[in-house]
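Engineer: below are the sequence and a predicted model for it; my questions follow.
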Amino acid sequence: MRHGFPLEDENVHHMDWPDISPEFSLIENLLSEIPRGLNNIDNTLTNVAELTQAVVDIWRDIPDQKLSILVLSMPRRLHAVNNARGGHTKY
């Protein structure tokens, strides 16, 4: 496929979905772990370096099981969006 050409021109079939689909954004679920993790840290962070390290530690400590659950939820998310015809879902 040549870069910059629409998928239809290359006979690639794809699913239409809304431009803004939080249902498909698994990263949003993961990013929400950071403020939760920071809330669990006592107020001993005194500079940007400590905050940066805390965020890295929280990100690194997200359990693999949480990642698996999110990935495995994609078929349900796709089904929910399809049933809602692109509208809002519980995700």
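Structural biologist: Nice, I can see it.

Engineer: mind showing which ranges of the chain have poor pLDDT?
Structural biologist: Applying pLDDT under 70 to the chain flags residues 1-8, 13-23, 86-88, 91.

Engineer: so in it, which helix runs the longest?
Structural biologist: Counting by DSSP state H, the longest helix found in the chain is helix 48-60.

Engineer: who's in contact with it?
Structural biologist: Contacts to helix 48-60, defined as CB atoms under 8 Å, 6 or more residues apart in numbering, come from residues Leu30, Glu33, Ile34, Gly37, Leu38, Ile41, Thr44, Leu45. In short, each C-beta sits where N, CA and C put it, glycine included.

Engineer: which among the residues you listed count as buried?
Structural biologist: Glu33, Gly37 (16 or more other CB atoms under 10 Å).

Engineer: now, which of the contacts of helix 48-60 lie within helices?
Structural biologist: Per DSSP H, these map to helices at Leu30, Glu33, Ile34, Gly37, Leu38.

Engineer: OK, contacts around the third one?
Structural biologist: Looking back up the chat, that one is Ile34. By CB under 8 Å, 6+ apart, the contact list for Ile34 reads Val55, Ile58, Trp59.

Engineer: what's the closest of those residues to Leu72?
Structural biologist: Trp59 (20.5 Å; CB to CB).

Engineer: so what's Leu38 up against?
Structural biologist: Going by CB under 8 Å, 6+ apart, Leu38 touches Ala54, Val55, Ile58.

Engineer: what about burial for the residues you listed, which qualify?
Structural biologist: Using 16+ other CB under 10 Å, the buried members of the contacts of Leu38 are Ala54, Val55, Ile58.

Engineer: redo the residues you listed as TSV? Include distance to Thr89.
Structural biologist: Formatted as TSV, the buried ones among the contacts of Leu38 follow (distance: CB to CB, whole Å):
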residue	distance to Thr89
Ala54	33
Val55	29
Ile58	27
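
Engineer: and which of the residues you listed is nearest Leu26?
Structural biologist: Nearest member of those to Leu26, counting by CB to CB, is Ile58, at 16.9 Å.

Engineer: can you give me the distance of the closest one to Thr52?
Structural biologist: Going from Ile58 to Thr52 by CB to CB, to the nearest Å gives 11 Å.
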